[in-house]
Every structure is written in structure tokens, then in C-alpha cells.
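# Quick one: sequence plus predicted model below, questions after.
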Amino acid sequence: MVWLALVCLGIVAGAMSGLVGVGGGVVILPALVFFFGFSQKVAQGTTLAMLVPPIGIIAAFTYYRHGWVNVQAASFMVIGFLVGSLLGAKYVSHLSNVTLTRVFAIFLILVAIKMLVSSKS
């Protein structure tokens, strides 16, 4: 029955991704750690492995049809993401799970604070 819980997690993350643009890092990763008992590293690796197939293509295409995708910006970010994910994956082996979990939590807090105090709509 764990597979059913994972499918449900995927549905929730997919819905959140389509709705507000978050999924893997904000929804799936913490759920894998807290509800499924994954270590931070295994949760991150599993989340990245899940993203290998073009799972976001349908939602991205829907946004594209409405004119809400900057293809040029996305293309440049893909290049950066490829380089950054390689560097991050190599560096993560030097961090403990506790340190990695704390870094992730601090990142989420900083993003949340920025979004709360931002005056842009």
C-alpha cells in the first residue's frame, strides 16, 4: 500500500505544481522525509529521479498555450540547472543528513519570508 500513498503524493505534488509552480522540492521532498522515513539525501535523489521523465510537459504546455511561458528564459535555466544539479549532487556527499536538512529548511524559510514581505504582485 506504500505505492498508493506515493501515487497520492504525486497527485498532490502535481496539482500544486500546476497550480502554484511547486512540487518536487517543496511538496515531495519533505513528504518523503517526514511521512516515508527517507533520509534527506535519498529524498533529494528520489525527487530528482522522478523529474527525469518530462512529467511537467503537460502543465508547461498548458501554461504555454496561455502565453505564460518565457521559452528563452526557460532554455537558459535548463543549461544552468544541468550544471548546477551536477555540482550540487557532487557536493552533497560531503554533507551530513542533519546539515542538509537544516540547509533546506533555512532555504524554505528565506523564500517564505521574501514572498511574505515582497510588495510585487
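Now that the structure is in, tell me what you want to look at.
# So Val33 sits against Ser39, correct?
Yes - between Val33 and Ser39 there is a contact under C-beta atoms under 8 Å: 7.5 Å. The way it works is simple: take the backbone N, C-alpha and C, and place the C-beta from them, glycine included.
# the more surrounded of those two?
Val33 (18 against 14; other C-beta atoms under 10 Å).
# contacting residues around that one?
Ser39, Gln40, Ala43, Thr101 (C-beta atoms under 8 Å, 6 or more residues apart in numbering).
# Apply 6 Å and report the result again.
For Val33, the contacting residues are Ala43, by C-beta atoms under 6 Å, 6 or more residues apart in numbering.
# in this structure, which spans are helices?
2-20, 29-34, 40-50, 57-65, 71-92, 97-117 (DSSP state H).
# Export these to a markdown table and append columns for mean pLDDT.
Formatted as a markdown table, the helices of the chain follow (pLDDT from 0 to 100):
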| stretch | mean pLDDT |
| --- | --- |
| helix 2-20 | 84 |
| helix 29-34 | 88 |
| helix 40-50 | 84 |
| helix 57-65 | 86 |
| helix 71-92 | 85 |
| helix 97-117 | 89 |
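# Quick one: neighbours of Leu32, just the number.
Neighbour tally, Leu32, other C-beta under 10 Å: 22.
# ditto for Leu110
Considering only other C-beta under 10 Å, Leu110 is surrounded by 10 other residues.
# Next one: it from Lys90, what distance?
Going from Leu110 to Lys90 by C-beta to C-beta, to the nearest Å gives 24 Å.
# This completes my enquiry, with thanks.
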